[in-house]
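Participant: structure, please.
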Amino acid sequence: MATRTSQAAPLGDTDPFTPTPASPVRVRARDMPADTHFEPHRHAWGQLAYCASGVIQVSVHAPDAATAYIVPPSRAVWIAPGALHAVAVLEAAAFRTLYIDPGVVPADGASCRVLAVTPLLRELVSALDPVGGPHPGAAREAALTALVLDEIGQAERLALGVPLPGPHSDKRLRALCQAVLHEPGRYATLQTWAADSGASERTLARLFRAQFGMGFAQWRRQAVLAHALPRLARGEPVGQVAAGSGYASESAFSAMFKAAMGQSPRRFLGLQQPAPAQ
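Facilitator: Down below sits the predicted model:
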């Protein structure tokens, strides 16, 4: 399949989607096919990225590292003002972007993170940007905006995202991370991965702690989720995804998934499917 690439240039001051103190939240709705890419770029304002349907990957770049976030419809990524980031569409997505004026970003809005999207937040976004309907008047827009900002500030923060080593990190760590991302179900333990890496288990454990502030098991769980979420969103059976993720049983995979996502894989699958026609 050919890759569709979109160069995402920063919005100008006169762009209708640019937030202002008078209209501090702007919503941009776009339907995007799989394999659409937005090249690394940054904004002066905060941004909340999520999908009404489909799955996207948001990669946030720092000088010596990066973090990849997989975003299904029940989750969103908060992108801090000025953060360099790129977007790739993994499954055809109804993409919703909220641009938020720096003057009203949450108190902890200087760091990127994954948030749970509540049903209320989804409806508020739809009301701010009614597809095919009239735009809300000034008074209603102000009320909706206040509720949106409150929901974002109260949203549950989730420990999702796969931190990646930067170009100047230990080459053995970089090679191991790429191998796990390519085949997350190949091995379950650092000991077995170490046998292929040219470094001892102890050395790799130290490198993971130093680079990411977490152990290999926690990092691998994030990589497994990044691998599993798009497959589940495509409707693949849970047992098949569990086996491909290196789990000996569907129940063990489901327990890990629920601990990380707050819901079972089958519940997640249900959220991806359109409601049946009445």
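
Participant: ok, for Ala44, nearest residue in space, not its chain neighbours?
Facilitator: Taking Cβ to Cβ, 6 or more residues apart in numbering as the measure, Ala44 lies nearest to Pro81, with 5.9 Å between them; neighbours along the chain are not counted. C-betas here are computed from N, CA, C, even on glycine.

Participant: doesn't Cys112 make contact with the one you found?
Facilitator: No: applying Cβ atoms under 8 Å, one finds Pro81 not in contact with Cys112, separated by 10.4 Å.

Participant: looking at these two, which is more packed in?
Facilitator: Under the neighbour definition other Cβ atoms under 10 Å, Pro81 and Cys112 were set side by side, and Cys112 has more, 19 against 16.

Participant: in this structure, which spans are helices?
Facilitator: All helices of the chain, identified by DSSP state H, fall at 119-128, 138-154, 171-182, 190-197, 201-212, 216-233, 238-244, 250-261, 265-272.

Participant: confidence-wise, which of those helices is weakest overall?
Facilitator: Averaged per stretch, pLDDT over the helices of the chain is lowest on helix 265-272, reaching a mean of 73.

Participant: Leu160: what's it in contact with?
Facilitator: Residues in contact with Leu160 (Cβ atoms under 8 Å, 6 or more residues apart in numbering) are 69-70, 75, 114, 222, 225, 260-261.

Participant: most neighbours among the residues you listed, please name it.
Facilitator: Of all the contacts of Leu160, the highest neighbour tally under other Cβ under 10 Å goes to Tyr69, namely 26 neighbours.

Participant: look up the residues forming beta bridges with that residue.
Facilitator: For Tyr69, the beta-bridge partners are Val58 (DSSP bridges).

Participant: with adjacent residues omitted, what lies nearest to Leu181?
Facilitator: If you skip the residues right next to it in sequence, Leu181 has Ala223 as its closest partner in space, 5.6 Å away by Cβ to Cβ, 6+ apart.

Participant: pretty sure the one you found sits against Val162.
Facilitator: Yes: taking Cβ under 8 Å as the definition, Ala223 is a contact partner of Val162 at 5.3 Å.

Participant: ok, the two, which is more surrounded?
Facilitator: Under the neighbour definition other Cβ under 10 Å, Ala223 and Val162 were set side by side, and Val162 has more, 25 against 22.

Participant: how about stretch 171-178, which residues are buried there?
Facilitator: Judged by neighbour count using 16 or more other Cβ atoms under 10 Å, the buried positions of stretch 171-178 are 172-174, 176-177.
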